[in-house]
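>>> structure, please.
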Amino acid sequence: MKRFLFMMAVCAGLTGLVHAAPTCTLSKADLLNMQEVPPATGAFSYATDDLITYSNDNGMLGQVGFVGTLMGNPNGPISDEVWIGIPDYDLSSIDTYNLTLCNDNDDVWYVRLFVWEDTGGAVEWSDSWVPLNAGECAALSMDVDYASVDYIGIGIGGYRQDVFHVSACPIIPAPGAVLLAAIGTGLVGWMRRRRSL
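Residues are numbered from 1 along each chain as shown. Model (predicted):
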């Protein structure tokens, strides 16, 4: 019995280590509060015509959808883009920002995550633009090292001026508890086989 309790204590300690790297996954309420972000200093101009944020649509792949018409500068790398985000977001003790984005449209759209620490300052992006074909989803992630930011959100772009329809949902991480339960079950079985439990 002592060994069993010891193994349970070890598993509890491992669970704490698994969850030691906090991750930011925006809630449905956070996603519904997203708004178009004003452009950063030096960024090419862009805009949307009547950005709409909504949820509970049967044709939507994610939990919250964003619809708008891109109207921007055709000279950028992804000629037109829009930034949609949440202002004044607290990222204290957060190491990673994760979000799944889906294309609910019939054309290819490009997506990425961003964190904007200081309005008028530099914007940090996830690695590069990720192309989403019709009906595709992508789990995006980026490291963050700020306590709070002016905006946290998503970028949507395309090589055209057109109507986009992109939806988002939080990434649900695979629980470390499943792995730990398997390890614990294996150890208990091994100890029972040795007749020490």
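
>>> those strands in the chain, which residues are they?
Applying DSSP state E to the chain gives strands spanning 23-25, 35-36, 48-55, 64-70, 80-90, 96-103, 109-116, 123-125, 130-132, 137-143, 148-158, 163-169.

>>> which one, of those, ends up nearest to G186?
strand 23-25 (27.3 Å; Cβ to Cβ). No exception for glycine: its C-beta is placed from N, CA and C like everyone else's.

>>> for A139, grab the count of nearby residues.
If you count neighbours by other Cβ atoms under 10 Å, A139 ends up with 12.

>>> and it, what pLDDT?
A139 is assigned 91 on the pLDDT scale.

>>> that one bridge partners, please.
As for beta bridges, A139 partners with T100 under DSSP bridges.

>>> surely it meets N98?
Yes - if you go by Cβ atoms under 8 Å, A139 and N98 touch, sitting 7.0 Å apart.

>>> which residues of this structure score low on pLDDT?
1-23, 39-50, 56-58, 71-79, 118-121, 171-182, 196-197 (pLDDT under 70).

>>> how about a cut-off of 80?
By pLDDT under 80, the low-scoring segments of the chain are 1-25, 38-51, 54-60, 70-81, 93, 117-122, 146-148, 159-161, 170-197.

>>> which of the strands of the chain sits closest to M191?
Between M191 and these, the shortest gap by Cβ to Cβ is with strand 23-25, which sits at 33.9 Å.

>>> in stretch 105-125, what counts as buried?
When burial is assessed from 16 or more other Cβ atoms under 10 Å, stretch 105-125 yields the following buried residues: 105, 109-117, 123-124.

>>> cool, stretch 134-150 as well?
137, 140, 142, 144, 146, 149-150.

>>> G157: which of the residues you listed is nearest?
Looking across the buried residues of stretch 134-150 and measuring by Cβ to Cβ, the closest to G157 is L140, at 13.6 Å.

>>> tell me the contacts of that closest one?
For L140, the contacting residues are 98-101, 111-113, 126, 130, by Cβ atoms under 8 Å, 6 or more residues apart in numbering.

>>> that older thread, show me which pair in the buried residues of stretch 105-125 is furthest apart.
The span of the buried residues of stretch 105-125, defined through Cβ to Cβ, is set by N105 and E117 at 30.9 Å.

>>> so what pairs up with the closest residue in space to V37 that isn't next to it in sequence in the strands?
Distance criterion Cβ to Cβ, 6 or more residues apart in numbering; nearest residue to V37, sequence neighbours excluded, is W83 at 4.0 Å. Going by DSSP bridges, W83 is paired in beta bridges with G155.

>>> number of nearby residues for W83?
Quick note: W83 (other Cβ under 10 Å) scores 24 neighbours.

>>> before we move on, what about D90?
D90: 12 neighbours (other Cβ under 10 Å).
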